[in-house]
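*Asks:* based on what follows, work out the 3D shape:
(one chain, ligands or ions: 3)
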Amino acid sequence: MEDKTQNPQEQPSSNITEISESWPGRAWAHLESVRRASPLIQCITNFVSMDLVANVLLAAGASPAMIHSIHEIPEFTPKTHALYVNIGTLTPDWLPAMKMAAQVANDCNKPWVLDPVAAGASGFRLKACLELLKLRPSVVRGNGSEIMALFKGSSDENSKTDAAGFAFLIFANLFQGVDSLHDSTDAVEAAKSLAQITGSVVAVSGAVDIVTDGQRVVGARNGVAMLQKITATGCSVTALIAAFVAVDPLRPFEATATALSVFGLAAEIGMEMAKGPASLRMHLIDTLHGLDQDIVHRIVNISHM
Ligand SMILES: Nc1ncnc2c1ncn2[C@@H]1O[C@H](COP(=O)(O)OP(=O)(O)OP(=O)(O)O)[C@@H](O)[C@H]1O
Ligand SMILES: Cc1ncsc1CCO
Ligand SMILES: [Mg+2]
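*Replies:* Numbers count the residues shown, from 1 in each chain. Ligands and ions are numbered 1, 2, ... in the order given. Okay, here's the model as predicted:
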């Protein structure tokens, strides 16, 4: 087996610069590169999602590590190829670890990716997200309601003194919990503006997954509605984005779109064998593990919007 531990600080080598410029070509090149390089992805994620996130990363060929102690971050984060931060079950004691890891990732030139679960559901959550956004994630992926809350929070923040207080009053009606009350297409303008404000690539998941860097906007039309009936599929696709960005760190916009598409197409094929959410979860993981170039070329559906 190839020894990937020799030089863990280096980003995995890739052939991404040589790939075809078509979206299916890029998607296959990214997946193949993840399989070959097996990037180490540090995941600071919520308790609900840990199992599915780790299994999706393994099925794609990446190497997940759920390491979140503040005592380990200075030593461990520099050895990773990307960091994934998800605030789903956030408590005050976890936030310093998330911020420290993001800072270390930045200091070491590692990409990091944020999943702002239920961003507007409380002032505490929104304030935490705004603080994390200031640490410049390469990519932010949320559902429609989360991205709309982040945009409103980011644009109103400068005119308010107490982020924790104002946020909940303004955004309580956007949320009922972690599930979105909005279609992704409702959030296109919010996503574009958020990308311009933060400098991050912003992705909004839904029937069409939208990806923008503030200028360009693409839609990935893979996926099945049943994914919404499996908890943490959003968390898992954000982790997959981190793995794809790890192997193509200079092109987070492209890597985000292809990760969303590959996850969605694995669900489409998995759905042909599934009887419901529980068996879709299993077939999704199996399909992701077995995807080949022909399937990826035939089913990837990404286009400019
Ligand atoms: N109506 C839909 N049709 C097809 N695919 C969908 C649909 N809605 C969501 N998806 C897909 O489901 C996955 C999860 O997206 P979703 O928007 O549900 O994330 P989320 O709300 O953050 O989920 P969670 O918080 O449970 O992790 C994505 O891959 C997305 O493309
Ligand atoms: C259900 C749930 N609650 C907090 S995080 C999480 C997983 C989906 O985001
Ligand atoms: Mg989510």
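*Asks:* what does the stretch 51-200 of the chain put close to ligand 1?
*Replies:* Val117, Asn143, Val178, Asp179, Ser180 (Cβ under 6 Å from any ligand atom). Backbone N, C-alpha and C define where each C-beta goes, glycine included.
*Asks:* just give the nearest non-adjacent residue to the last one, would you?
*Replies:* In space, Ser180 comes closest to Asn143 once its chain neighbours are excluded; the distance is 3.6 Å by Cβ to Cβ, 6 or more residues apart in numbering.
*Asks:* circling back: can you put the residues of the stretch 51-200 of the chain next to ligand 1 in JSON lines and add neighbour count, pLDDT and secondary structure?
*Replies:* Listed next are these as JSON lines, based on neighbours: other Cβ atoms under 10 Å; pLDDT from 0 to 100; DSSP: H, G, I helix; E, B strand; the rest coil:
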{"residue": "Val117", "neighbour count": "26", "pLDDT": "97", "secondary structure": "coil"}
{"residue": "Asn143", "neighbour count": "26", "pLDDT": "96", "secondary structure": "strand"}
{"residue": "Val178", "neighbour count": "20", "pLDDT": "86", "secondary structure": "coil"}
{"residue": "Asp179", "neighbour count": "12", "pLDDT": "87", "secondary structure": "coil"}
{"residue": "Ser180", "neighbour count": "25", "pLDDT": "85", "secondary structure": "strand"}
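*Asks:* which ones among those come in contact with ligand 3?
*Replies:* Val117 (Cβ under 5 Å from the ion).
*Asks:* tell me, how many residues neighbour Gly123?
*Replies:* 20 (other Cβ atoms under 10 Å).
*Asks:* whoops, Phe124 was the one
*Replies:* Count around Phe124 with other Cβ under 10 Å applied: 17.
*Asks:* for Ala54, same thing?
*Replies:* 20.
*Asks:* on the three-state scheme, it is what?
*Replies:* Counting by DSSP: H, G, I helix; E, B strand; the rest coil, the backbone at Ala54 sits in helix.
*Asks:* now it: how far from ligand 2?
*Replies:* Going from Ala54 to ligand 2 by Cβ to the nearest ligand atom, to the nearest Å gives 14 Å.
*Asks:* tell me who's in contact with that residue.
*Replies:* Cys43, Pro64, Met66 (Cβ atoms under 8 Å, 6 or more residues apart in numbering).
*Asks:* give the buried subset of those residues as a ChimeraX selection command.
*Replies:* Buried subset of the contacts of Ala54, written as a ChimeraX selection, criterion 16 or more other Cβ atoms under 10 Å:
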select :43,64
